[in-house]
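> what's the 3D shape of this:
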Amino acid sequence: MKIRILLFGQVQEAAGRAEMELENIASLAELRTILSQKIPLLTQINYLTALNQEVVKGDAGLKDGDEIAIMPPFAGG
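Residues are numbered from 1 along each chain as shown. Take a look at the predicted model:
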């Protein structure tokens, strides 16, 4: 099972890339733990997580082909 992770803003800069793929991740909680190990900046900033283009607060299960976006909070007007 593969998932695609898109990185934006400070997270992209800290990771040195705009996207990555990971395998065998069962949930957003597990993904956040793995990403905070790979990108230590995540433990220091607030960020939003979107699953298949919908912002998700809390945990959710993942399946093959899911797309996750990690981005800084944004304001709209």
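> For the nearest residue to Arg17 once chain neighbours are set aside, the count of nearby residues, please.
Taking C-beta to C-beta, 6 or more residues apart in numbering, and ignoring the residues beside it in sequence, Arg17 has Leu7 as its nearest neighbour in space, at 6.8 Å. The C-beta positions use only the backbone N, C-alpha and C, and glycine is treated the same way. A count of neighbours around Leu7, defined by other C-beta atoms under 10 Å, yields 22.
> again with the one 3 residues further on
Other residues within reach of Gln10 by the criterion other C-beta under 10 Å amount to 17.
> contacting residues for it?
Contacts for Gln10 (C-beta atoms under 8 Å, 6 or more residues apart in numbering) come out as 41, 45, 72.
> Present those as a markdown table; the columns should include distance to Ile34, secondary structure and pLDDT.
Putting these into a markdown table (distance: C-beta to C-beta, whole Å; DSSP: H, G, I helix; E, B strand; the rest coil; pLDDT from 0 to 100) gives the following:
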| residue | distance to Ile34 | secondary structure | pLDDT |
| --- | --- | --- | --- |
| Leu41 | 14 | helix | 89 |
| Ile45 | 17 | coil | 87 |
| Pro72 | 19 | coil | 83 |
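> out of those, which are buried?
Burial of the contacts of Gln10 was assessed by neighbour count (16 or more other C-beta atoms under 10 Å); no member qualifies as buried.
> ok, then the element right after the one helix or strand in the chain whose mean pLDDT sits lowest?
For the chain, using mean pLDDT, DSSP states H and E, the weakest element among its helices and strands is helix 9-15, scoring a mean of 91. Helices and strands here follow DSSP states H and E; after helix 9-15, the next one along the chain is strand 19-23.
> List the pairing partners of that following strand within its sheet, with orientation.
Here strand 19-23 is paired, per DSSP bridges, with strand 2-7 (antiparallel).
> Can I get the strand it pairs with in PDB? Just the C-alpha atoms.
Backbone C-alpha positions of strand 2-7 (Å, rounded to 0.1, in the frame of the first residue of the first chain) are rendered in PDB as follows:
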ATOM      1  CA  LYS A   2       1.400   3.400  -1.100                       C
ATOM      2  CA  ILE A   3       0.400   6.800  -0.100                       C
ATOM      3  CA  ARG A   4       1.500  10.100  -1.600                       C
ATOM      4  CA  ILE A   5       2.400  13.000   0.700                       C
ATOM      5  CA  LEU A   6       2.500  16.600  -0.600                       C
ATOM      6  CA  LEU A   7       4.500  19.100   1.400                       C
END
